[in-house]
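Engineer: the sequence and its predicted three-dimensional model are supplied below.
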Amino acid sequence: MIGYAIQRIGVAILIVLLAITALFIMIQFVPGDPANVMLGPRATPELKEALRERLHLNDNVFVQIYYFFIGVLQGDLGADLTSNRPVVEILAEQVPYTAMLVLSILLVTLLGIPIGTYAAVHRGGAFDQISGVVSVSLIAVPPIVIGLYLILFFSVQLKWLPAIGAGEGSFGVIKHLILPTFAIGLTWIGYVSRLVRASVIDVLMQNHVKTARAFGIPENRVLRRYVLRVALPATVTVLGVSIGFILSSAVIVEILFARPGIGKLAYDAVISRNYPVVMGTVLASTVFIVIATTLSDLLNVMLDPRSREQNT
Amino acid sequence: MQTSYPVVQTQDLSIDFGAVRAVKNANMVINHGQIMGLVGESGSGKSTLANAIIGLLPHAASIAGGTLSFDGRDLRGFSPEQWQALRGREVSYVSQDPMSALNPSLRIGEQMVDIQHWSKGSLDAKLKRALYALEQVRMPNPDGRLNMYPHELSGGQKQRVCIAMAIMARPKLLIADEATTALDATLEVQIVKLLKELQADIGCAMLFVTHHLTVVEALCDEVTVMYHGDIREKGPVSDVFSNPTDDYTRSLLNCDPARIPEKCRRLPVMSDPTLKRLADPVLDKTRIDKTQDPILSINNLDVTFTKPRGMMDLLTGRAARRVEAVKDATLDVATGETVALVGESGSGKSTLARAVFRLVAAQSGEIRFENTDLLKATPEAMRKARNRMSMMMQDPIGSLSPRTTVGAAIVEPHLISGASPGLDLQQEAKRLLALVGLTEDFAKRYPHELSGGQARRVGVARALALNPRLVIADEPTAGLDVSIQGEVFNLLASLRETMQLSILIITHNLHVVRHLADRTAIMYQGQIVESGNTEEIIRAPQHAYTKLLLAANLQAQH
Amino acid sequence: MTDIPATNPPSRKKRISRLFRDLCSSPLGAFSCFIVLSFFVVGIFADFITPYDPIKIDIRNKLTGPTRDHWLGTDQLGRDVLSRLIVGTKVALYLAVTSVSIALVIGTVLGMLAAFTNRWVDWALLLVFDTVRSFPGIMFALTVVALFGPSVNSIVAIVVVSTFPSYARLVRTQVMSLRNAEFIEAQRAMGASLPRILRLHILPNVIGPVLIVASMDVPLVIGVEAGLSFLGLGVRPPTPSWGAILNDGFTFIRNTSWIVFAGGLPLILTTVAFTSLGERLRDILDPKLRK
């Protein structure tokens, strides 16, 4: 088990390295000269050259990457090209908003589990059929469209919920979180409920469930310990893998709802060629995704004793 | 113990499965402490009847008429709470597949405690009861087992756990639904013995559902025979088995290869019980041609599987794990001879067969087919060899490509080897189907539309497409009802006479071996421990394992 | 050689028509089929069926709601919304067909490669797939747009890179499990060559799940386009795309909610239709193999 964890973490680190390298290489092809951007057209060539030296922009890709990671290990992600504020600081300001949004999405997504389970247990019934149609519709429509429609109905027409910004005070914050969360969360509730439904239906037919019932174990216990416990690991895996999509959607939704967070930050940075900030946001999101995937893998191995054998 | 009601009583019980009546007007009585055998082929309704007694009929099934009572209580109107009180306490159930009966994510101890939901005792008391039950089923290291997960136990141990769970509450009735069918013969013997001891100990009644007649004879007091939903005969085992009054029962008993002591070259089958033909020693001798070299000669074959090293293994410097599947095996098949390779699961017999076709790599030794060493053969030589030998694989339906029709599948060997341009494939398909006794319309069917026996025949047809000299058949009778086994047997027996076929048959069914094989080799843990003339081996086994195997399989003989 | 379709099941045509019948048997399935077909038809013939020129500006008529002249009203530059939606279908169709087919081919090839080569190459390929998956899609999208400018082909590139790993993983898993299937072993015992086995026995079994993923990817493509256009990074104006229409509608959402409402409709219909189709396909393909 420990061995597997170490292996998994090692791979995770490797993935982060690879992702950053890929990004660096891509950035090389972006037209435009950062020195120009930063210092403005009036700067002298010497000044620009000095800046390029300082930022190692004249060296090849791998040297740049090397310096970048040295910086990372020291907690220094460079400085914003325009304001000269440390990137770490900027990130520390914005990341919490995105983190808050992603966490609330995950929480809301968990609603899919009881929905899917109920649909599976009462398969073919009214609830199952209705939730099936609704889920498929929710899965299909892109979060932006859902977000737009939510704004249309709840904000513009009904004027119940706010559509802009992050809000003040705990109650305000929560009110401002509702629409963005559900813009993405609805899709994932649909997705998770379908997954869980399929998994539970599968497990319900398995022999150990029949055996458990044959021994008169109360049905809710059977559901908990003999059905869900065996059916859920698959869902956990899929959720872990999908974290990347959740984060992507969160970023777009942040822009839609004019919320602070990594979304706007990254968008502005890419448009203005603000490389340190771009690198910082990519690093932050990649690390986040990799952590989530690794955690879900480890969680999976913990939940399913059989997979421990296969992986060590 | 004075009780007025029998443990189970059904009167004119009918159970419908959708539009089909799976059980028709069944009248059955099981008395306290009685061991009842419920016998029938697949589709007879025996499992449905057993499931009804514990209230575990699938959604599609329902009781259509008659009464069903347990210890005087009418089961038909039972509420879920009443069932819950009954199950695990007064009635318990051991299912066929021990591999999947246990919850893979819970430890054994946890499940055994779960089952004692009716007890108000402490966790400790429940664990003690579980421990005691494990000891009763002769589980080695019972303490340690409680903490293990199911996948850490072997098949036999899992079955013992299932039985332990069933007896923990000292039930009035234990239902065993094909509980030993999936086990190897030697294991089956042990489990049956265990059940008999437990029954004597606890005094419960047992309903033992099976199609193994020999087990019924060894274990049960009474027997009920079912066919297509009807109860054809019932009574004390000794009476029914020695003097069956019903036609079907009589055929069933007569067609069981285990109950036919003389060696036959045609076995009676349910559709034609008069088919029995005794073996003709003269025919047998002329069939085999010892003047030439053996058509297949395996010498000192070694097959070892190496589990590739993962990342962690590389880092810690652990050596790769090796499993020696076949060790130093030597076996000959003479031209026209039928040789049986016998062993239980894990013995390496299937691996040996696959090595002949180079489906697995052999480390050392030689496999000579018609004087070509297959292990050193060039691709061209191998291709020529494959035109003259073929293999029938274990899973009849699984060995056929799911998207290929039967007709296309059986002529495929022609296409692979480069058919002669003049060959009319449609005619060829018809010919092959006729050869194995299937009608023309089978050509359009898909594998999932076939029954086990039909799929087996298709496998034979495909194996014979190129008129091979040697056929290797991997478990040709496994998983088939007893009477279908007879049909496959007859097919192989007649084919080898008309086509001068040499057959290497891999099986654990000693009865088929007894009738069909000229020579037999016994395999145990990768090694061939004994080989020789079949009749001699059966009469006078030398190796300890052979003796064990024979004793387990050939109970009916004494 | 005679005319037994050697190892092919009943002719293509019959199988496809049977598939059609199964798909359309439920009301939802029939509806989805209809929408999907309309999507293709409208997309292909878009230029011929627009009532107005989609990029013709008519400021005097701006932001009208639905009228008899303009069934879905006009946008902030007086352009007819209905015409723009119709041409937007063409864009969506192009995106869907191109990105999905390219990703499918790349993914299938890589997946097969991973399944058949030795463990280290397989491991390396898996690492690549995982890395691509861990890369925040939006960042990649922004970077590509920054590199190559906003355009339809940028979107294609983004979608292809983001989705090929799922095809690859799927194909790899399917092939690996099939490789050990008994009927494949039987083929090898008969001496069938690897190309033959691949073509006749593995590929047909792999195509089903791949098609399901493909049909679920179409909504994804449309979603990505909508998202990027919304950020102003999608299709270049004045070419109408569904996302761009939504973006315009959002800017003027206080004036008229109609554009957002109408603009979202074809998007929702198409995505739901494709997803339902995918689900139906999955239901149909599975039980068939299971008896």
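Structural biologist: Right, received. Where do you want to start?
Engineer: how about the strands in the stretch 101-250 of chain B?
Structural biologist: B:173-177, B:205-210, B:222-227, B:230-236 (DSSP state E, counting those that start in this stretch).
Engineer: need those strands in CSV (columns: distance to A:Ser104).
Structural biologist: In this view, the C-beta of every residue, glycine as well, is placed from N, C-alpha and C. Formatted as CSV, these follow (distance: least, C-beta to C-beta, whole Å):
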stretch, distance to A:Ser104
strand B:173-177, 50
strand B:205-210, 54
strand B:222-227, 60
strand B:230-236, 63
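Engineer: the ones you listed: which one's closest to chain C?
Structural biologist: With C-beta to the nearest C-beta, the closest approach to chain C among these belongs to strand B:173-177: 21.8 Å.
Engineer: show me the contact partners of that closest one.
Structural biologist: Identification of contacts with strand B:173-177 by C-beta atoms under 8 Å, 6 or more residues apart in numbering or on different chains yields B:7-8, B:30, B:47, B:50-51, B:53-54, B:70, B:90-96, B:166-167, B:195, B:199, B:204-210.
Engineer: how about the residues of the stretch 51-200 of chain C near chain B?
Structural biologist: Residues of the stretch 51-200 of chain C lying close to chain B by C-beta under 8 Å from any C-beta of the partner chain are C:119, C:181-183, C:185-193, C:196, C:200.
Engineer: 7 Å instead?
Structural biologist: Residues of the stretch 51-200 of chain C lying near chain B by C-beta under 7 Å from any C-beta of the partner chain: C:Arg119, C:Ala181, C:Glu182, C:Phe183, C:Glu185, C:Ala186, C:Arg188, C:Ala189, C:Met190, C:Gly191, C:Ala192.
Engineer: identify the farthest-apart pair in the residues you listed.
Structural biologist: C:Arg119 and C:Met190 (27.4 Å; C-beta to C-beta).
Engineer: who's more crowded, these two?
Structural biologist: With neighbours defined as other C-beta atoms under 10 Å in any protein chain shown, C:Arg119 and C:Met190 compare such that C:Met190 has more, 21 against 10.
Engineer: got a pLDDT number for that one?
Structural biologist: C:Met190 is assigned 88 on the pLDDT scale.
Engineer: which strand or helix spans B:Ala455?
Structural biologist: Per DSSP states H and E: B:Ala455 is located in helix B:452-464.
Engineer: summarise which helices and strands the following helix or strand past that helix is packed against.
Structural biologist: Counting by DSSP H and E, the next helix or strand C-terminal to helix B:452-464 is strand B:470-474. The contact analysis (3 or more C-beta pairs under 7 Å, 6 or more residues apart in numbering or on different chains; DSSP states H and E) places strand B:470-474 against helix B:349-356, strand B:389-392, strand B:502-507.
Engineer: highest mean neighbour count out of these?
Structural biologist: Most buried of the helices and strands packed on strand B:470-474, by mean neighbour count (mean count of other C-beta atoms under 10 Å in any protein chain shown): strand B:389-392, with a mean of 26.
Engineer: same question for it, mean pLDDT?
Structural biologist: For strand B:389-392, mean pLDDT is 92.
Engineer: near chain C, anything from that strand?
Structural biologist: Yes - using C-beta under 7 Å from any C-beta, we find that strand B:389-392 touches chain C at B:Met391.
Engineer: got it, and stretch A:191-210?
Structural biologist: No - using C-beta under 7 Å from any C-beta, stretch A:191-210 never reaches chain C; the gap is at least 8.1 Å.
Engineer: keeping just the C-alphas, turn that stretch into PDB.
Structural biologist: Written as PDB, here are the backbone C-alpha positions of stretch A:191-210 (Å, rounded to 0.1, in the frame of the first residue of the first chain):
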ATOM      1  CA  TYR A 191     -23.300  12.800 -14.600                       C
ATOM      2  CA  VAL A 192     -22.600  11.400 -11.200                       C
ATOM      3  CA  SER A 193     -26.200  10.200 -10.800                       C
ATOM      4  CA  ARG A 194     -26.000   8.300 -14.100                       C
ATOM      5  CA  LEU A 195     -22.700   6.800 -13.100                       C
ATOM      6  CA  VAL A 196     -23.900   5.700  -9.700                       C
ATOM      7  CA  ARG A 197     -27.100   4.400 -11.100                       C
ATOM      8  CA  ALA A 198     -25.200   2.200 -13.600                       C
ATOM      9  CA  SER A 199     -22.800   1.000 -10.900                       C
ATOM     10  CA  VAL A 200     -25.500   0.200  -8.400                       C
ATOM     11  CA  ILE A 201     -27.600  -1.700 -10.900                       C
ATOM     12  CA  ASP A 202     -24.600  -3.700 -11.700                       C
ATOM     13  CA  VAL A 203     -23.700  -4.500  -8.100                       C
ATOM     14  CA  LEU A 204     -27.300  -5.200  -7.100                       C
ATOM     15  CA  MET A 205     -27.200  -8.200  -9.400                       C
ATOM     16  CA  GLN A 206     -24.100  -9.600  -8.000                       C
ATOM     17  CA  ASN A 207     -24.000 -12.800  -5.900                       C
ATOM     18  CA  HIS A 208     -22.700 -11.300  -2.700                       C
ATOM     19  CA  VAL A 209     -25.800  -9.000  -2.500                       C
ATOM     20  CA  LYS A 210     -28.100 -12.000  -3.000                       C
END
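Engineer: of the residues of the stretch 51-200 of chain C next to chain B, which is the most crowded?
Structural biologist: Highest neighbour count within those: C:Ala186, with 27 neighbours (other C-beta under 10 Å).
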